[in-house]
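J.: Quick one, what's the 3D model for this:
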Amino acid sequence: MKLTRRESVQRRHKRIRRQIFGTPERPRLAVFRSNQHIYAQVIDDTKHHTLVAASTVEPTLKSELKSGANCTASVAVGKLIAQRCRSAGITKVVFDRGGNLYHGRIKALADAAREAGLEF
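T.: Below is the predicted model:
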């Protein structure tokens, strides 16, 4: 039986989430990629609480970007999430790619967040 791309992503995400867990000292940086946008959240899984979030849907980024579905947009979200993390006192995170392959937009977001000061 051949799986669809969406089913493959969901299977990988379940498999990844068995091992990745965000703590207060090292919260989880979860990334969700849709066809039009990219979203990033920093989550404390012990309290089930989102600490910081950024996405291409936000009016500030939406007005600057031509499209929310390219590597340029991912880099902007990566820099923004890292900036917000630093202002919240978060320096170390665990990266959760959400079942997507570490390539393209996901990799661009992660690299931009690292360059802006987050440690994975």
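J.: Where do the helices of the protein begin and end?
T.: Applying DSSP state H to the chain gives helices spanning 5-17, 59-64, 71-87, 105-115.
J.: Quick one: closest of the ones you listed to residue 49.
T.: Closest to residue 49 of those is helix 71-87 (C-beta to C-beta; 14.4 Å). In short, each C-beta sits where N, CA and C put it, glycine included.
J.: Give me the angle between the closest one and helix 105-115.
T.: Helix 71-87 and helix 105-115 are oriented at 40 degrees to each other (axes from the mean of the first three to the mean of the last three C-alpha atoms, to 10 degrees).
J.: Helix 71-87 packs against which elements?
T.: strand 38-44, strand 49-55, helix 59-64, helix 105-115 (3 or more C-beta pairs under 8 Å, 6 or more residues apart in numbering; DSSP states H and E).
J.: got a markdown table for those, with mean pLDDT too?
T.: Shown next, in a markdown table, are these (pLDDT from 0 to 100):
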| stretch | mean pLDDT |
| --- | --- |
| strand 38-44 | 97 |
| strand 49-55 | 97 |
| helix 59-64 | 93 |
| helix 105-115 | 97 |
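J.: How about residues contacting the helix-or-strand element of the chain with minimal mean pLDDT?
T.: Using mean pLDDT, DSSP states H and E, helix 59-64 stands out as the lowest-scoring helix or strand of the chain, at a mean of 93. With C-beta atoms under 8 Å, 6 or more residues apart in numbering as the test, helix 59-64 has contacts from 54-56, 68, 73, 76-77, 80.
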